[in-house]
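Chemist: 3D model of this:
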Amino acid sequence: MGLFDFFKKKKVKKEGEELTELLQMLSKGNMYGDGVDADQIPGTVGEFGLDVNNPIPVTSIPATYSYLENLKFSDGMKVIYNRVGSFGSEYVTHPIDGYSISHPDGREVCTLYFSPYHKRDSRFKPKGFK
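Modeler: Residues are numbered from 1 along each chain as shown. A predicted model of the protein is given here:
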């Protein structure tokens, strides 16, 4: 930085530009670099997606919502979901998000678990879903 660089006008970002950049970075997923490129996280245990120790790998939080929006019960009805919190597991490095899953008829069915830090979204569906 030169003596007169101090007086140069700094580029001011437009309102919302920083937030937009942050959201773009987060939506690309795998921001930690250690995510898997697989339908299931190797070394996990328990029922896929239904056990906190075997979460569904996806690329980001927006990808989690996309997965849930496309998920259906075996009878063809769309799931109703609500985030219930963040969880940990000795089998997965990063936090795991849990979503309460309900049927449109009002039945609470299960909690599905997602790990949004991976290189691609899983193509697998938990037991009882399509």
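
Chemist: residues touching Leu68, list them.
Modeler: Contact analysis of Leu68 by CB atoms under 8 Å, 6 or more residues apart in numbering lists 79, 81, 99, 112. For every residue, glycine as well, the C-beta is placed using N, CA and C.

Chemist: in this protein, what spans have low per-residue confidence?
Modeler: Where the chain drops to pLDDT under 70, the residues are 1-15, 21-32.

Chemist: ok, which stretches of the protein are strands?
Modeler: 56-57, 80-89, 92-102, 108-115 (DSSP state E).

Chemist: For these, give me JSON lines that also has mean neighbour count.
Modeler: Converted to JSON lines, the strands of the chain look like this (neighbours: other CB atoms under 10 Å):
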{"stretch": "strand 56-57", "mean neighbour count": "28"}
{"stretch": "strand 80-89", "mean neighbour count": "14"}
{"stretch": "strand 92-102", "mean neighbour count": "18"}
{"stretch": "strand 108-115", "mean neighbour count": "20"}
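
Chemist: Which one of those lies nearest to Gly43?
Modeler: With CB to CB, the closest approach to Gly43 among those belongs to strand 92-102: 9.0 Å.

Chemist: I figured Asp37 was touching Arg123, is that so?
Modeler: No: Asp37 is beyond contact range of Arg123, at 12.0 Å (criterion: CB atoms under 8 Å).

Chemist: count of residues packed around the closest residue to Lys130 other than its chain neighbours?
Modeler: Nearest residue to Lys130, sequence neighbours excluded (CB to CB, 6 or more residues apart in numbering): Lys72, at 5.3 Å. The number of residues packed near Lys72 is 12, by other CB atoms under 10 Å.

Chemist: residue contacts, Lys72?
Modeler: With contact taken as CB under 8 Å, 6+ apart, Lys72 is in contact with 78-79, 129-130.

Chemist: Looking at the contacts of Leu68, which one is closest to Asn53?
Modeler: Closest approach between the contacts of Leu68 and Asn53, by CB to CB: Leu112, at 13.3 Å.

Chemist: List the residues that contact that closest one.
Modeler: For Leu112, the contact set (CB under 8 Å, 6+ apart) comprises 49-50, 56, 68, 81, 98-99, 101, 126.
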